[in-house]
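> Predicted model and sequence below, questions to follow.
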Amino acid sequence: MDFFKPLETSVSQSPKTQPVDSEKVKCLIIGSGPAGYTAAIYAARANLSPVLYEGLQPGGQLTTTNDVENFPGYPEGITGPEMMADLRKQAERFGADIRFGLVTEADFSGSEHKVLLDGGKELVAESVIIATGATAKYLGIESETKYAGSGVSACATCDGFFYRGKDVAVVGGGDTACEESIYLAGLCNKVYLIVRKNFLRASKVMQERVLKTPNIEVLFEHNTLELQGDGVVEKAILIKRKGEQDESIVEIAIDGFFLAIGHTPNSTPFKPYVNTDEQGYIVTEAPTSKTNVPGVFACGDVMDPIYRQAITAAGSGCKAAIDAERYLAERKI
Ligand code: NDP
């Protein structure tokens, strides 16, 4: 679900590729999850004539979720794809120009910001809102893809509720894995925490909470080989490895398999200009959406390593559009 093709980051001051065509826009929004669409709704209503490029996965990460039950305003819940289609329609209703295209390079060295699309077209924008999201990391085993949405999830807060009273597994040894295990332990019968090393990388306080929770069983030095089931996940086949001479195969019966091995923010094309933290998340000037580049704003999961919820992304998209509107108004004075 990457919005961008991976690129070598460099500090060159202009796009490496020569554009085939160029277009000027007042407000360019890159990315189409809840952050991008909400920014488009606000920017369109503020007469900024926003142009939004959807990226490789229109609608973003939520289009891979089944039901969304924690977004306020949907008492009966809604599917991820439906919610994204509604947000898109709402943005279009106010005149947002939504297009398919992938940003491959950016040049934020001048007062006007240049962005290059995969087809070779250049956009010259007075303001840019980066809403490119983050991509959950997967183990890379075939059965993960086979059971996506049928027992495999990368978001316990989004999908945990569907596993009430059941047995599930979480993979990872960091704070996210511990937090998600504790959250799931409150809903599920049993949680297996699958950790590849013989220790947890998570903070001490999280480790203690996990170890004190009676229905979490930590499986240290275990790796997942594959998931099996009849249409939905029914069991995980693990390998327990203490050393080359000490390996055994372990089977656990589970209904849900949650990945919590980290996320990759989709910030690569902007890194030569926009400050990011050591994990690649875009750094913004809290509480605003301003980046270190005047006129370039960031919202949603690409700048949020902590909350990563549809509602927080939507809220930050609103902030980015308001920040862009104020920036453009000040430039005119
Ligand atoms: P981390 O990168 O901290 O941890 C990833 C975990 O996944 C590690 O235990 C790693 O194992 C494991 N892992 C990675 N790849 C694989 C693989 N292929 N197979 C099995 N296991 C794998 O990511 P988090 O998302 O947990 O945290 C990201 C950041 O966000 C951290 O700085 C964290 O502290 C912070 N955070 C803070 C929270 C809070 O304060 N409430 C909540 C959540 C996150 P290994 O250890 O062997 O490398």
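Right, received. Where do you want to start?

> near the ligand, which residues of the chain?
Proximity of the chain to the ligand (CB under 6 Å from any ligand atom) is limited to residues 139, 171-177, 179, 196-197, 201, 261-262, 305. Heads up, the C-betas are built off the backbone N, CA and C, glycines and all.

> and those residues, which of them are in helices?
Judged by DSSP state H, the residues of the chain next to the ligand include 175-177, 179 as members of helices.

> so who does whichever residue of the stretch 1-150 of the chain sits closest to the ligand touch?
When scored by CB to the nearest ligand atom, the stretch 1-150 of the chain has residue 139 as its residue closest to the ligand, at 5.0 Å. Counting by CB atoms under 8 Å, 6 or more residues apart in numbering, residue 139 makes contact with 171, 224, 259, 261.

> now do 10 Å
For residue 139, the contact set (CB atoms under 10 Å, 6 or more residues apart in numbering) comprises 152, 171-172, 194, 196, 223-227, 257, 259, 261.

> can you redo the residues you listed as TSV with neighbour count?
TSV is the format used below for the contacts of residue 139 (neighbours: other CB atoms under 10 Å):
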residue	neighbour count
152	22
171	26
172	24
194	28
196	16
223	15
224	21
225	15
226	14
227	24
257	26
259	24
261	18
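
> Adding pLDDT, write those residues out as JSON lines.
Output for those, formatted as JSON lines (pLDDT from 0 to 100):
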{"residue": "152", "pLDDT": "96"}
{"residue": "171", "pLDDT": "98"}
{"residue": "172", "pLDDT": "98"}
{"residue": "194", "pLDDT": "98"}
{"residue": "196", "pLDDT": "97"}
{"residue": "223", "pLDDT": "97"}
{"residue": "224", "pLDDT": "98"}
{"residue": "225", "pLDDT": "97"}
{"residue": "226", "pLDDT": "97"}
{"residue": "227", "pLDDT": "98"}
{"residue": "257", "pLDDT": "98"}
{"residue": "259", "pLDDT": "96"}
{"residue": "261", "pLDDT": "96"}
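
> Keep only those of these that are in strands.
152, 171, 194, 223-227, 257, 259 (DSSP state E).

> so which pair among the residues you listed is furthest apart in space?
Using CB to CB, the ones in strands among the contacts of residue 139 span at most 16.0 Å, a distance reached by 152 and 223.

> Kind regards, and thank you for your time.
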